[in-house]
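[1] for reference, the sequence and a predicted model appear below.
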Amino acid sequence: MNTVIQFSVSEETKALPILLRHSRGTILPDRTYVVTEDAARALRQAGIRFSVLSRESVAPSIQGAGSSERV
């Protein structure tokens, strides 16, 4: 699961070393990042504060379709 988070200026400075170690996330404008749930957990454990803007599933699932059925 990916999480979209946003930092304050001071928190972003503290978060960058952790993000570089734990996530192949995406950087968006205004100190906003798309990171893995593991990276978000590492940030919380380090005491870095951030706002969660959105949580999204990595891959949508198709329920009820058999292996040879058309979707």
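    Thanks, I have it.

[2] quick one: residue 4 is in a helix?
    No: counting by DSSP: H, G, I helix; E, B strand; the rest coil, residue 4 is not found in a helix; it is strand.

[3] for the chain, just list every one of the strands.
    With strands called from DSSP state E, the chain shows them at 2-6, 26-28, 32-36, 51-56.

[4] how about those in TSV, adding mean pLDDT, mean neighbour count and distance to residue 44?
    The way it works is simple: take the backbone N, C-alpha and C, and place the C-beta from them, glycine included. TSV is the format used below for the strands of the chain (pLDDT from 0 to 100; neighbours: other CB atoms under 10 Å; distance: least, CB to CB, whole Å):
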stretch	mean pLDDT	mean neighbour count	distance to residue 44
strand 2-6	94	20	10
strand 26-28	92	11	19
strand 32-36	94	20	11
strand 51-56	90	11	10
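
[5] isn't residue 25 right up against residue 35?
    Yes: if you go by CB atoms under 8 Å, residue 25 and residue 35 touch, sitting 4.0 Å apart.

[6] which neighbours do these two have in common?
    2, 19 (CB atoms under 8 Å, 6 or more residues apart in numbering).

[7] low-confidence regions, this protein specifically.
    Applying pLDDT under 70 to the chain flags residues 57-71.

[8] where along it do the helices fall?
    Under the criterion DSSP state H, the chain contains helices at 9-22, 37-45.

[9] let's have the ones you listed in a markdown table, adding mean neighbour count.
    Shown next, in a markdown table, are those (neighbours: other CB atoms under 10 Å):
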| stretch | mean neighbour count |
| --- | --- |
| helix 9-22 | 14 |
| helix 37-45 | 16 |
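
[10] distance to residue 3 added to those, as JSON lines?
    Below are the helices of the chain laid out as JSON lines (distance: least, CB to CB, whole Å):
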{"stretch": "helix 9-22", "distance to residue 3": "12"}
{"stretch": "helix 37-45", "distance to residue 3": "5"}
